[in-house]
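**Q** when you get a sec, could you give me coordinates for this:
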Amino acid sequence: MQRIFISHASKDKEIVQAFMDEILIGALGIKITDIFCTTTDGTKIKSGNDWRNDIKEHLAGSKVTFLIITPNYKESEICLNEMGAAWVLSGKTIPLIVEPLNYESVGLLQEVKQVEKIKDGGSLDRIRDVLQEDLEIPANEIPTDRWSKKKDYFINKVSAHLESNPFKSPFTRDQFESLVKQVDLFSKEAEVLRQTEISMSEKNSKLTNLNEDLKSALGSKESMIIENKYFDRQSMEEFMLLCEKTKKALSKARGIILGMIFVDYSEKKIFLSFDGWDSIIQDALARDVIFESEFSFDVNWDNPTMKHIQSSIRDLEKFISKNDENKEFLTAYESKFEVPLDLSNLDFWEEVLEISVPFK
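**A** Residues are numbered from 1 along each chain as shown. Just a heads-up that it's a prediction; the model follows:
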């Protein structure tokens, strides 16, 4: 029966292999046949054996059991069962924690002083002393120089492995409980906000209905005076100035050219008839306002006049996009106009910009 039992998660095979090769076998001279480890060739369960009985027998027969505890170990039900059995069956149990686990996050039942760190030189020295005593290894079989070199090499090897294969930082119990409290607090705050939103929505609906009733009861002039007092007229004034600027820019274009501008901007599939517009088309071609394409005519946006028109339209478009959720502005707009707030809509051009767009 092997004298050393190593309990570990199979995902941590490389760390365990280094511990065996560099510390147990290399530095302390322990024979591989004295070690039981389920993932290492020459030390694991023989084929055909009942692994549960095998583990139980080796735990009961071992003089020293190492628990290589990592986040993988804590997530393994089998490992946790081995841990519990080790405290009952094994001669001596030594937990070895691996970063990022620490004394606070390891979450074991035993005293912290019983836990060692696998990358700590002092911890490894104490493990050497325990094994030397329990396995009766003569002191002259562990030369100080060899022990120091093997120990340092092992620590560097595990450090490099963890740097390339880092574990996620674990939670301590206090951190977990703190998060639970925060989640509970956020849930309560969210419920308060939801109830407030429902209440505000109901109040807003009542105010909207009240506003409509007041409009019906009062004349349009009186309604406008009241709305001017409460709604965002500053944004409305800026909007009207941009509309006036766009209207002035569009006034430089005539007839079917306005139709071409609208179709090009709105990207709508609208048929334009150029019949009867010969003089305007010829004038626009002569001024480079438009250019002749293979089958039709296209707007020349590089022309200074057309650039000014395009810039004015885009400024108005940016304002609309910026205020598309400004309730006060939208209310003020809807009190003045009855068409969609949309530059690609012909009704907007005709009512708000006061531009008549011909298509034939």
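
**Q** roughly how far apart are Asn20 and Ile32?
**A** Just so we're on the same page, residue 20 is Met rather than Asn. Look at Met20 and Ile32: by Cβ to Cβ, to the nearest Å, they are 8 Å apart. For the C-beta atoms, the positions are set from N, CA and C on the backbone; glycine is no exception.

**Q** so between the two, which is more surrounded?
**A** For Met20 versus Ile32, the count of surrounding residues by other Cβ atoms under 10 Å is larger for Met20: 21 against 15.

**Q** please save the CA atoms from stretch 11-26 in PDB.
**A** This file holds the C-alpha atoms of stretch 11-26, laid out as PDB (Å, rounded to 0.1, in the frame of the first residue of the first chain):
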ATOM      1  CA  LYS A  11      -7.700  19.400 -14.500                       C
ATOM      2  CA  ASP A  12      -4.700  20.200 -12.200                       C
ATOM      3  CA  LYS A  13      -2.600  17.300 -13.400                       C
ATOM      4  CA  GLU A  14       0.400  19.500 -14.500                       C
ATOM      5  CA  ILE A  15       0.700  21.100 -11.000                       C
ATOM      6  CA  VAL A  16       0.400  17.700  -9.300                       C
ATOM      7  CA  GLN A  17       2.900  16.100 -11.700                       C
ATOM      8  CA  ALA A  18       5.400  18.900 -10.900                       C
ATOM      9  CA  PHE A  19       4.900  18.400  -7.200                       C
ATOM     10  CA  MET A  20       5.600  14.700  -7.500                       C
ATOM     11  CA  ASP A  21       8.600  15.000  -9.900                       C
ATOM     12  CA  GLU A  22      10.400  18.000  -8.300                       C
ATOM     13  CA  ILE A  23       9.500  17.700  -4.600                       C
ATOM     14  CA  LEU A  24       8.500  14.200  -3.600                       C
ATOM     15  CA  ILE A  25      10.700  12.200  -6.000                       C
ATOM     16  CA  GLY A  26      13.400  14.700  -7.100                       C
END
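
**Q** contact partners of that stretch?
**A** With Cβ atoms under 8 Å, 6 or more residues apart in numbering as the test, stretch 11-26 has contacts from 4, 6, 8, 30-32, 35, 37, 39-40, 43, 66, 68, 70, 72-73, 96, 98, 118, 124, 127, 131, 150-151, 153-154, 157-158, 161, 165.

**Q** output the below-cut-off pLDDT ranges for the stretch 1-150 of the chain.
**A** Scanning the stretch 1-150 of the chain for pLDDT under 70 picks out the ranges 1, 40-53, 90, 104-113.

**Q** where do the helices of it begin and end?
**A** Taking DSSP state H, counting those that start in this stretch, the helices of the stretch 1-150 of the chain run over residues 13-18, 51-61, 71-74, 77-89, 121-134, 144-164.

**Q** one step back: buried subset of the contacts of stretch 11-26, written for PyMOL?
**A** Listed next is the PyMOL selection for buried residues among the contacts of stretch 11-26, using 16 or more other Cβ atoms under 10 Å:
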select buried, resi 4+6+8+30+35+37+39+40+43+66+68+70+72+73+96+98+118+124+127+131+150+151+153+154+157+158
